[in-house]
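Novice: Fold the following and give me the result.
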Amino acid sequence: MPYSPGGNFQRSFITQTTAGVKQNADVPPTALLRHNGATDATVTVTITNNGAGDYTASGTLPGTYLDGDDCEIIVSATVGGTAGELVIYLGEVSKLQANLINALSGQTVIVQSPVGVGSIRIVEKDAYLAADGRALLFTIQPGNNWPLTLAGWTITFTATKTTSNISAGTATITTTGAVNVATGAGQQVQVELASSLTTGLAIGVGNKGYNFDVVATNGSDRATLVTGLMDVLPNVTA
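Specialist: Okay, here's the model as predicted:
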């Protein structure tokens, strides 16, 4: 999502052992904000620990930033004696787009993924399966225009690299989802991503990640339920 000058930012990330188990860093991770390619020492990035290996980086952009300025968070962490860095792309500053999104927030679809609400954030090589409680859930809100019933409809999830994602990796993935709640105010669909799908995805976040959509089809009828951005974080134990 775009951030406005003087606005707050917040992004999530995880830390893992070499065995792929989520684990807290040996010491609290640190983070800096990079603005147009240069570190901005005036910005404080706060790291909050939400649980084992689960962190949130947050802060406030200076009011002097301009539309089109590029922002990234640089996180440094050491897990099990192995040090590493993670670049979290925030995107371009856009006061107009940020205000528009805030104005329309009451009419947007809630996208609920294993690592947060909003844009999907996944880790390359990880599996997101219902049996593990990690499936992607997409739930309607009042004001959205989904079909009155999704009973008998086929759900398809597709993610395609954005044109700004220059990382090497799979260009497009697609998989079939399922309907959890077919009718009513709580309509919900579910998508599972097996490790075979996430392995080889191009690392990138924001508009340097993937575009995705969730589409329902029933014969010749087609309805797009959700569109958005999918962040793909690196598996540091690969």
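
Novice: domain ranges for this structure?
Specialist: Split into domains by automatic domain parsing, the chain comes to 8-103, 107-233.

Novice: Redo these as TSV? Include mean pLDDT and mean neighbour count.
Specialist: In short, each C-beta sits where N, CA and C put it, glycine included. As requested, the domains of the chain are exported to TSV (pLDDT from 0 to 100; neighbours: other Cβ atoms under 10 Å):
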stretch	mean pLDDT	mean neighbour count
domain 8-103	82	16
domain 107-233	85	17
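
Novice: Alpha carbons of the longest strand along the chain, as CSV, please.
Specialist: Scanning the chain for the strand with the most residues, using DSSP state E, yields strand 221-233. Only the C-alpha atoms of strand 221-233 are listed here, as CSV (Å, rounded to 0.1, in the frame of the first residue of the first chain):
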residue,chain,number,x,y,z
ASP,A,221,-20.1,-16.5,-15.4
ARG,A,222,-16.9,-14.9,-13.9
ALA,A,223,-16.5,-12.8,-10.8
THR,A,224,-13.3,-11.3,-9.5
LEU,A,225,-13.5,-11.5,-5.7
VAL,A,226,-10.2,-10.1,-4.6
THR,A,227,-7.2,-8.4,-6.2
GLY,A,228,-4.0,-7.1,-4.5
LEU,A,229,-0.3,-7.5,-4.0
MET,A,230,1.5,-10.5,-2.7
ASP,A,231,4.9,-10.0,-0.9
VAL,A,232,7.4,-12.9,-1.2
LEU,A,233,9.9,-12.9,1.6
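
Novice: what does that strand contact?
Specialist: Contact partners of strand 221-233, identified using Cβ atoms under 8 Å, 6 or more residues apart in numbering, comprise 13-14, 86, 109, 111, 118-124, 138, 140, 146-147, 153, 155, 159, 162, 169, 189, 198, 201-207, 209-217.

Novice: How about stretch 26-39?
Specialist: Here stretch 26-39 makes contact (Cβ under 8 Å, 6+ apart) with 15, 40-41, 43, 45, 47, 49, 55, 57, 59, 61, 65, 69-81.

Novice: which SS class is Ile77?
Specialist: No, residue 77 isn't Ile; it's Ala. strand (DSSP: H, G, I helix; E, B strand; the rest coil).

Novice: can you confirm Ala207 is in a helix?
Specialist: You called it Ala, but residue 207 is Asn. Yes - under three-state DSSP, Asn207 sits within a helix.

Novice: I'd like to know how far it sits from Val123.
Specialist: 19 Å (Cβ to Cβ, to the nearest Å).

Novice: So which residues of this structure form helices?
Specialist: For the chain, the helices defined by DSSP state H occupy 95-103, 195-198.

Novice: rewinding a little: please narrow the contacts of stretch 26-39 to those residing in strands.
Specialist: Assignment to strands by DSSP E places the following of these there: 47, 49, 55, 57, 59, 70-79.

Novice: Mind picking the one among the residues you listed that's closest to Thr174?
Specialist: Comparing the ones in strands among the contacts of stretch 26-39 against Thr174 with Cβ to Cβ places Glu72 closest, at 29.3 Å.
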